[in-house]
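1. this is a predicted model, with the sequence first.
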Amino acid sequence: MLTIENLHAEIDGKPILKGLSLSIGAGEIHAIMGPNGAGKSTLGYVLSGRPNYEVTEGSVTFDGQDLLALAPHERAAAGLFLGFQYPVEIPGVSNLQFLREALNAQRRARGEEPLSGGDFIKLARAQAAALGLDPEMLKRAVNVGFSGGEKKRAEMVQMGIIAPKLAILDETDSGLDIDALKAVGNGINTIMRQPDKAVLLITHYQRLLDYVQPDFVHVLAGGRIVRSGGPELALELEREGYREMAA
């Protein structure tokens, strides 16, 4: 589904990714761990097309397409979803309005009919209920006044509604208490653990992986993947840290 080959990227002239290669197949969940400054978030930003992150070398193929040739909205319509470490607030725009516009924009880009207001509300309420988010919160402005856990639940609802092929989740466990962590883990498993979908989890810690067991764990250090393994690698990192790998 996703193939990254020798990816080099920089921001403001500073090299961050320095020859990163990674392949993610359909039905797989991959976790990327590593020390601060290793390039984990940069990888997510580059894949999603965030401005000012310049690719200087390498290639990325997503579902048979040259991902780097697509604009950010085209990448989203193709099935890529980026979950933020710190979801932004959008005052004056309700969750329902935001999510309906986002979903129907993608449906139109794929040549599909937009959902009616009634059908969309049914979908949104079902996703909110499945993830333990009070449906009344869907009427509120996007993330305004939400706790950290509510923001992450709302983002999982967004992912469920959009139904991407590939979810890139950038430290989605950051700042969560145990109940919110379980809810987020349940959301990832329910929505994305499918034979035609895939997940790239970016995280510092093992704790999210207690609820979302990855097929592969990779260590990113110095701008490249320096080690890969199974779930047991995350436990080793939790015990021993990154010092030797980051050296």
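-> Good, I have the coordinates.
2. mind checking the SS state of the nearest residue in space to V217 that is not next to it in sequence?
-> Once flanking residues are discounted, V217 sits nearest to L233: 4.2 Å by Cβ to Cβ, 6 or more residues apart in numbering. For the C-beta atoms, the positions are set from N, CA and C on the backbone; glycine is no exception. Following DSSP: H, G, I helix; E, B strand; the rest coil, we place L233 in the helix state.
3. around L233, how many other residues sit close by?
-> 19 (other Cβ atoms under 10 Å).
4. got the contact list for it?
-> 217, 219, 227 (Cβ atoms under 8 Å, 6 or more residues apart in numbering).
5. gap between the first one and H30?
-> The one in question is V217. According to Cβ to Cβ, to the nearest Å, V217 and H30 sit 8 Å apart.
6. between these two, which has more neighbouring residues?
-> Comparing V217 with H30 by other Cβ under 10 Å, the one with more neighbours is V217, at 25 against 20.
7. report the separation between the more buried one and I29.
-> In terms of Cβ to Cβ, V217 sits 10 Å off from I29.
8. do L70 as well
-> L70 is 24 Å from I29, by Cβ to Cβ.
9. higher neighbour count, those two?
-> Just comparing L70 and I29: by other Cβ under 10 Å the higher neighbour count belongs to I29, 24 against 17.
10. shaky segments in this protein?
-> Under the criterion pLDDT under 70, the flagged ranges of the chain are 244-247.
11. can we see that at 80?
-> The chain contains residues with pLDDT under 80 at 85, 132, 173-176, 204-205, 242-247.
12. can you give me the helices in it?
-> Using DSSP state H, the helices found in the chain span residues 40-48, 72-78, 95-109, 117-130, 148-162, 178-192, 231-240, 243-246.
13. now the ones you listed in a markdown table, please, with extra columns for distance to L20.
-> What follows is the helices of the chain, written out as a markdown table (distance: least, Cβ to Cβ, whole Å):
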| stretch | distance to L20 |
| --- | --- |
| helix 40-48 | 7 |
| helix 72-78 | 18 |
| helix 95-109 | 27 |
| helix 117-130 | 33 |
| helix 148-162 | 24 |
| helix 178-192 | 22 |
| helix 231-240 | 17 |
| helix 243-246 | 15 |
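14. which ones are touching M192?
-> 29, 159, 167, 198-199.
15. out of those residues, which is most surrounded?
-> V199 (27 neighbours).
16. what bridges to it?
-> Beta-bridge pairing of V199 under DSSP bridges involves I29, A167.
17. distance-wise, check it relative to E54.
-> Taking Cβ to Cβ, one finds V199 at 26 Å from E54.
18. again, but for G27
-> From G27 to E54 the distance is 32 Å (Cβ to Cβ).
19. could you do A71 as well?
-> Counting by Cβ to Cβ - A71 and E54 are separated by 15 Å.
20. A26 contacts V199, doesn't it?
-> No. Using Cβ atoms under 8 Å, A26 is not in contact with V199, being 11.0 Å away.
21. so which residue of the protein lies furthest out from the middle?
-> G118 (28.1 Å; Cα atoms, centre = their mean).
22. for R224, list the residues it contacts.
-> R224 sits in contact with 17-21, where contact means Cβ under 8 Å, 6+ apart.
23. swap in H73?
-> H73 neighbours (Cβ under 8 Å, 6+ apart): 105, 109.
24. over to V55?
-> So V55 contacts 7-9, 46, 68 (Cβ under 8 Å, 6+ apart).
25. and those, which two are furthest apart?
-> Greatest spatial distance in the contacts of V55: H8 and L68, 11.7 Å, computed using Cβ to Cβ.
26. picking up where we left off before, filter the contacts of R224 down to the buried ones and hand me the ChimeraX line.
-> Buried residues among the contacts of R224 (16 or more other Cβ atoms under 10 Å), as a ChimeraX selection:
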select :17,18,20
